[in-house]
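Novice: sharing a sequence plus its predicted fold:
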Amino acid sequence: MAATPGPTESPRQERRRWRLVIAKGAGAALLLMLMLSLHWMTRPSQVAGLILDRVGTALGLEISSSGASEYNLRGTPGLVVRELVVRQPGAETPLLTAGRVYLSVPWATLRAVGSGGGTADLTVRRVELDAPRLDLPALQRWQDTRPPGGEIRIPTLTDGLRIARGEVVGEGWSIERLGIDLPSLAPDAKLAARVGGRFVNGDTSVPLDLQVALTRPSLDAGLGATGIATVVTPDWRMPMRLRLSGRLHDGDDGFGLEVFRLGADARYLGGGQELPFVYGLAGPLRYHEGRFAIAPLGAVLRGDGIVPDFEAHGRLSWQDQLALRLEGAIQQWPSAWPTLPPPVGQSDSPLPFVLDYRGAADLSGATALQLRRDATRFDARFHLPRILDWLDQFATGTPLPPLDGTLVTPRLEISGATLEGFEIEFGDGGDAP
């Protein structure tokens with residue numbers, strides 16, 4: 001029944017009574033809205049769906065989750081999303097999937113974002129990803145659709161980032177069992193993280209465990225890393241303790257490192273022998289359209305026994321197969337190599353060389369070598385694993401190396417005889433080219 005003013009009410013009393021009626025009605029409506037909101041918020045999947053939809057719209061991506069979602073409003077708000085799938089609209093291959101994603105965001109950040117505080121610090125307490133899988137070609141296809149330029153905002157992670165059981169998939173290679181532990185992150189501060197995983201390409205794998213540092217989280221920051229890695233193939237292993245440095249690079253020629261330097265203490269283990277050596281590589285490192293490259297490349301090798309000492313320059317690339325070209329000089333003939341007859345064996349001159357390799361990453365393919373000392377020239381084609389086996393059995397096996405090639409020298413002394421204009425041709429008889 002509608003309320004009617006009594007015959008004795010003054011206009012002022014009437015206005016006060018209507019304000020009370022309106023206030024009660026507004027309170028009831030607000031209470032109803034609050035009850036509906038609380039009912040909606042008791043369904044985490046709806047909260048997660050709204051957040052993922054807004055993030056996806058901002059990035060031009062389709063983001064969904066099919067697993068049970070959770071959130072917590074006590075203390076620092078936190079959201080858990082399971083079975084996350086991120087894909088470019090219309091693409092068959094997701095660029096990112098994850099079994100579980102956890103995000104903890106302080107109330108201050110939520111209020112700033114909710115009020116449109118675009119200039120406020122983007123502070124996040126912690127991010128965790130379990131079993132994420134990043135498809136690098138799909139990611140690059142999405143990046144190609146993004147407008148050029150624009151500011152990249154780096155969030156502050158007060159309690160850091162953790163990635164467990166991750167995977168990065170490239171073209172013909174992958175990084176498995178990826179783990180990253182980043183204690184904290186700030187836009188203008190140095191950062192340090194522990195990174196582990198296993199690089200896989202065909203039958204070759206490289207388990208690694210590194211401590212990584214950046215001068216700041218930006219695409220032109222200085223990078224340094226130390227740790228251990230082991231190249232593992234079906235026939236040999238090469239444990240390494242390595243150190244690398246460089247400056248991050250992101251341009252039209254790809255992503256990589258400027259002023260890249262890599263040094264390692266390594267041991268070759270295979271065929272019942274152990275060969276310790278030290279090597280260094282330097283040059284601009286790039287990854288572009290599925291291809292790794294260092295060109296120009298500087299290389300240094302120091303070793304004992306059958307491992308020669310040399311310095312060289314050239315180029316290196318790897319996509320479907322490894323391609324390596326080096327031009328340099330061996331400082332002296334290694335003492336563990338077969339003794340050369342005079343006069344070439346008595347010379348102290350360095351041995352300039354050109355080495356070309358193209359084949360599998362385990363170095364089992366064919367290698368071409370041109371080697372000179374003074375007027376003597378040696379051209380050969382061989383497979384490194386067979387040469388190493390031959391050197392290991394040299395004392396009891398054949399004195400002729402398993403290679404195809406030609407040795408030309410103006411003079412050679414063998415068993416007291418002097419041969420002028422000497423030329424010898426080697427034939428492997430095996431599977432050398």
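Specialist: Structure received. Numbering: from 1, shown residues only.

Novice: got the buried residues for stretch 370-383?
Specialist: Leu371, Arg372, Arg373, Thr376, Phe378, Asp379, Ala380, Arg381, Phe382, His383 (16 or more other Cβ atoms under 10 Å). In this view, the C-beta of every residue, glycine as well, is placed from N, C-alpha and C.

Novice: can you lay out the residues you listed as CSV showing pLDDT, distance to Thr97 and secondary structure?
Specialist: Formatted as CSV, these follow (pLDDT from 0 to 100; distance: Cβ to Cβ, whole Å; DSSP: H, G, I helix; E, B strand; the rest coil):
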residue, pLDDT, distance to Thr97, secondary structure
Leu371, 94, 51, strand
Arg372, 95, 55, strand
Arg373, 93, 58, strand
Thr376, 92, 60, strand
Phe378, 92, 54, strand
Asp379, 95, 52, strand
Ala380, 93, 49, strand
Arg381, 94, 46, strand
Phe382, 92, 45, strand
His383, 91, 41, strand
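
Novice: the bottom helix or strand of this protein by mean pLDDT?
Specialist: Here the helix or strand of the chain ranked lowest by mean pLDDT, DSSP states H and E is helix 11-41, holding a mean of 54.

Novice: distance to Leu301 added to the buried residues of stretch 370-383, as JSON lines?
Specialist: Below are those laid out as JSON lines (distance: Cβ to Cβ, whole Å):
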{"residue": "Leu371", "distance to Leu301": "15"}
{"residue": "Arg372", "distance to Leu301": "18"}
{"residue": "Arg373", "distance to Leu301": "18"}
{"residue": "Thr376", "distance to Leu301": "22"}
{"residue": "Phe378", "distance to Leu301": "19"}
{"residue": "Asp379", "distance to Leu301": "21"}
{"residue": "Ala380", "distance to Leu301": "19"}
{"residue": "Arg381", "distance to Leu301": "21"}
{"residue": "Phe382", "distance to Leu301": "18"}
{"residue": "His383", "distance to Leu301": "19"}
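
Novice: pick out whichever of the residues you listed sits closest to Ile163.
Specialist: His383 (39.6 Å; Cβ to Cβ).

Novice: that older thread, between the buried residues of stretch 370-383, which is closest to Thr93?
Specialist: His383 (37.3 Å).

Novice: kindly state the beta-bridge partners for that closest one.
Specialist: For His383, the beta-bridge partners are Ala366 (DSSP bridges).

Novice: thought it was touching Ser364?
Specialist: Yes: assessed by Cβ atoms under 8 Å, His383 is found in contact with Ser364 at 6.5 Å.

Novice: and the gap between the residue nearest the centre of the chain and Gly197?
Specialist: The chain has Ile175 as the residue nearest its centroid, 7.5 Å off, counting by Cα atoms, centre = their mean. Plainly put, Ile175 is 5 Å away from Gly197 if you go by Cβ to Cβ, to the nearest Å.

Novice: just Glu258 next, same as before
Specialist: Per Cβ to Cβ, Glu258 is found 24 Å from Gly197.

Novice: more neighbours: which of these two?
Specialist: Each of Glu258 and Gly197 has its neighbours counted (other Cβ atoms under 10 Å); Gly197 has more, 22 against 15.
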